[in-house]
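S.K.: Predicted coordinates and the sequence they were generated for:
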Amino acid sequence: MKYIIIGLGNFGASLAEKLTAQGNEVIGIDSKMNKVDLLKEKISHTICMDATDEFTVSGLPLKDTDVVIIAIGEDQGTNIMATALFKNLQVKRLISRAIDPLHEKVLIAIGVDEIVHPEEETAERWAKKLCLNNVIDSFELSDHFSIIEINIPERHIGKTIREIQLRRNYNILALTTIKKTEIKSVVGKTRNEDKVQGVASPDTILEENDILVIYGANTDLRKFTNQ
């Protein structure tokens, strides 16, 4: 996968390093040369440039890039301008960082695909979300092992855990499933609630809209989710 990350502060730099370490091609961009110099030996490519300048931005390999991430956090105005520019250039997938609720509303109005909240979400979690298909959330137990929540892959809907042979075929352990249920309040309003179904058994059926919680080595999880 190919990524462009705009803004090499703590979150952007950490995400760029983790994505590069997982074998992806990453272009890291910042307007400050000192931040670019710090990462030039750690990620695929680094560029010092103004990400709000349409002429220079249009020279980037946008058609070959899978995801653009606007990680600028210290300047909301620059963040919004850069986000709008990349949106207008019709990149394949655009993710931007929100600082507060009002900023998030502006980004939603621009039409970003996803929003990052670095104060609540770590670079490790986002690296997994970006590298593994269908991942909802993840918890890193060590550098090599994780627990992740994924949407049930379409090819496995209606099958039991025994039928897909997670342990034998993928060296992955199914921990539990989570069902989304609709709860109605006393005043008639409804809300969705996630209900954990207990320890998964070989006969647990994987139903559409379920969430599957699995544990394994990061390499094995990547093979399973990216099939």
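M.R.: Perfect, I can see it now.

S.K.: buried stuff in the longest strand anywhere in the chain?
M.R.: Longest strand in the chain by number of residues, with DSSP state E as the criterion: strand 173-184. Buried residues in strand 173-184, counting neighbours by 16 or more other C-beta atoms under 10 Å, are found at 174, 177-178. Heads up, the C-betas are built off the backbone N, CA and C, glycines and all.

S.K.: can you list contacts of that strand?
M.R.: Outside strand 173-184, the residues that touch it by C-beta atoms under 8 Å, 6 or more residues apart in numbering are 147, 149, 161, 166-167, 190-200, 204, 206-207, 209-216.

S.K.: What's the mean pLDDT across stretch 1-13?
M.R.: In this model, stretch 1-13 carries a mean pLDDT of 92.

S.K.: returning to what we had before: within the sheet, what are the partner strands of the longest strand of the chain, with directions?
M.R.: Looking at strand 173-184 with DSSP bridges, its partner strands are strand 190-199 (antiparallel), strand 211-217 (antiparallel).

S.K.: quick one: which of these is nearest Leu107?
M.R.: Leu107 sits nearest to strand 190-199 of all those, at 23.4 Å, using C-beta to C-beta.

S.K.: how about the helices in the protein?
M.R.: 10-21, 33-39, 54-57, 76-88, 101-110, 123-131, 161-164, 218-225 (DSSP state H).

S.K.: Distance to Ile95 and mean neighbour count for those - can I get that in TSV?
M.R.: Formatted as TSV, the helices of the chain follow (distance: least, C-beta to C-beta, whole Å; neighbours: other C-beta atoms under 10 Å):
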stretch	distance to Ile95	mean neighbour count
helix 10-21	10	21
helix 33-39	19	15
helix 54-57	16	13
helix 76-88	9	19
helix 101-110	10	14
helix 123-131	8	20
helix 161-164	31	16
helix 218-225	18	19
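
S.K.: Least confident of these, on average?
M.R.: Across the helices of the chain, helix 123-131 gives the lowest mean pLDDT, at a mean of 66.
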